[in-house]
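Undergrad: have a look at this prediction, sequence included:
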Amino acid sequence: MQTVKMVITGPFSAGKTQFISSISEIDVVSTESKLSSDAEKKEKENTTVAMDFGRITVDEDLVLYLFGTPGQRRFDFMWEILAEGMLGFVVMVDSTKPETFREAKSILETFRAYAPTPYVVAANKQDHPDAWSTDDLRIALRIEEGVKLLPCVAKDKESVKSVLLELLYSILETMDDKA
Amino acid sequence: MPIKGELRDFSTTQILNLINLAKKSGTLTIFNAQKSGVKEKVNGKDRERIDPGAERAKVSFKAGKLIYATMQGQEGNLVSVLNKAGKLTDEQARIIRERAKNTSDKALALLLINANYVSQNDVLNSVQQHILNVIYALMSLNEEPFRFEDDLAPDPNRIHVPIDLENVIIEGSRRIKEIEELNQHLPNLDMALRFPENPKEKFKGIHLSVEEWRVVSFVNPKNTIRQIAKANNMSEIEIRRIVYGLEQAGLVELVKPAGMEGAGKPGSPQQGNQQRRPVQKPQVQKVVVNRLIDKIRSI
């Protein structure tokens, strides 16, 4: 059986676990632990320590695994391990939190350095009134025109599907380019 | 949708760049930073949450051009602007204020031009300089909350002068660089100043500005630079600039108080990215990707 892997990355609390949960056919195997500091607890109760793990079975010969990276820098030793052999990656950005944009850009560059695989940027929480528009985010994050920056609501399955499909289309395009 | 954030995360220069590139129209409001005392976790680090306080400044844009700016505590009306620019005397300004209380700036400008008090260029240049002064002052802020609202127009009674943002950003960046250099040169305002040996010799033939004399009059190893700034009602930037100039001219020397050795030194550089081995790329065929696409479409 062939397995392929995509990585969902982004800053702390960007919505990576929710993204995977919305589309995974299994309950996400989450290695979340209780947060230690009060400030962290204000954001959310649990955070991803090593990785989230979701699965989409195409057929008995092919399975897609979705790996969510831990958002906190102290776990970044896991990133490279997760990036190994990935088909592409999604960078999740919380559109309502400009304080995380610099970190999102830094994570994006780190993953780009790991492997020259296609990627898309998902602007999460676009249903929130405080969300920055994707046009503004592109300028704020200095994302080149050729890179897809997609509106996303991680709790909405259709929105997650759309992001994954766009990533797959990008992967196809790079294959066409090489052909 | 509005753009909200804090200048510590997204600087004034970055906001101006965004507005310029996106050709936005609307008004940017910057609020005073109100420290909440509550810790928040950002990117794995604790920091104090900042709440928006009172409005500090408003800056308006039209199609990506700066058109108006006003700062809390500064009178932005035309008479004050022309008075500050030296185009109207204090007495003229007082009389005009009394007589034209309910007149809009635009109407007042016409009256003043027709009465030969000022020329059209005087009005435009003075307003433009006022707007730029506000913007450059805002560019030195580094933590305040902000909010940009699309299509929110400025006060129609004020005179709006369209200014290209490119030059503003370049000049603002140059000023920020100057501030950074000053900060680097004089990182600690808790240092004191003293006169060098033979100060009379050094001061011979030197022409100091009023502000420089004000600082010089407080030079004493007992006074910290911060205290001198406070006594003279100067901002940190102003005092740094003056002290830098005086020190470069050899008129004052920095005195490092005991126990402060090493203070103000730049921190150890952050660890650079470690050399990484290239991760292995998967060997996946196009047909596999197409199967994945079909599957996800069908979910």
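TA: Arrived safely, thanks for sending.
Undergrad: now do the helices in chain A.
TA: For chain A, the helices defined by DSSP state H occupy A:16-23, A:38-43, A:77-83, A:101-114, A:134-141, A:157-178.
Undergrad: elements contacting the helix or strand hosting B:I96?
TA: Element membership of B:I96, judged by DSSP states H and E, is helix B:90-99. On a contact count with 3 or more Cβ pairs under 8 Å, 6 or more residues apart in numbering or on different chains; DSSP states H and E, helix B:90-99 meets helix B:78-84. Where C-beta positions appear, they are placed from N, C-alpha and C, glycine not excepted.
Undergrad: list of residues touching the helix it packs on?
TA: B:74-75, B:88-90, B:92-93, B:96-97, B:100, B:105, B:108-109, B:112, B:118, B:122-123, B:126-127, B:130, B:158-159 (Cβ atoms under 8 Å, 6 or more residues apart in numbering or on different chains).
Undergrad: poorly predicted segments of chain A, please.
TA: A:28-51, A:71-77, A:177-179 (pLDDT under 70).
Undergrad: tell me which residue is most central in it.
TA: Per Cα atoms, centre = their mean, the C-alpha nearest to the average position across chain A is that of A:I8, at 2.7 Å.
Undergrad: ok, now which ones touch the residue of chain B found nearest chain A?
TA: Nearest to chain A, among the residues of chain B, is B:G5, at 3.4 Å (Cβ to the nearest Cβ). B:G5 is in contact with A:98-99, B:145-146, counting by Cβ under 8 Å, 6+ apart.
Undergrad: the residues you listed in strands, which ones?
TA: Within the contacts of B:G5, residues falling in strands by DSSP state E are B:145-146.
Undergrad: buried subset of the contacts of B:G5?
TA: Among the contacts of B:G5, those classed as buried by 16 or more other Cβ atoms under 10 Å in any protein chain shown are A:98-99, B:145-146.
Undergrad: the lowest-mean-pLDDT helix or strand in chain B packs against which elements?
TA: When each helix and strand of chain B is scored by mean pLDDT, DSSP states H and E, helix B:199-203 comes last, with a mean of 73. Using 3+ Cβ pairs under 8 Å, 6+ apart as the contact criterion, no helix or strand is in contact with helix B:199-203.
Undergrad: show residues contacting that helix.
TA: Here helix B:199-203 makes contact (Cβ under 8 Å, 6+ apart) with B:195-196, B:249-251.
Undergrad: nearest to B:Q184, of these?
TA: Closest approach between the contacts of helix B:199-203 and B:Q184, by Cβ to Cβ: B:A249, at 19.0 Å.
Undergrad: wait, that closest one sits on B:H207?
TA: No. Using Cβ atoms under 8 Å, B:A249 is not in contact with B:H207, being 10.8 Å away.
Undergrad: more neighbours: which of the two?
TA: Neighbour totals were compared for B:A249 and B:H207, and B:A249 leads with 13 against 5 (other Cβ atoms under 10 Å in any protein chain shown).
Undergrad: for chain A, what are the nearby residues on the stretch 1-150 of chain B?
TA: For the stretch 1-150 of chain B, the contact set with chain A under Cβ under 8 Å from any Cβ of the partner chain comprises B:1-6, B:8-10, B:14, B:17-18, B:21-22, B:39-44, B:46.
Undergrad: again, 7 Å this time
TA: B:1, B:3-6, B:9-10, B:14, B:17-18, B:21-22, B:39-44, B:46 (Cβ under 7 Å from any Cβ of the partner chain).
Undergrad: buried subset of those?
TA: So, by 16+ other Cβ under 10 Å, the buried ones in these are B:3-6, B:9-10, B:14, B:17-18, B:22, B:40-44.
Undergrad: so of the contacts of helix B:199-203, which two are at opposite extremes in space?
TA: Maximum distance among the contacts of helix B:199-203 (Cβ to Cβ): 12.2 Å, for B:F195 and B:A249.
Undergrad: overlap in contacts, these two.
TA: Listed contacts common to B:F195 and B:A249 are nil; contacts here mean Cβ atoms under 7 Å, 6 or more residues apart in numbering or on different chains.
Undergrad: returning to what we had before: mind listing what's buried in the least confident helix or strand of chain B?
TA: Quick answer for helix B:199-203: no buried residues (16+ other Cβ under 10 Å).
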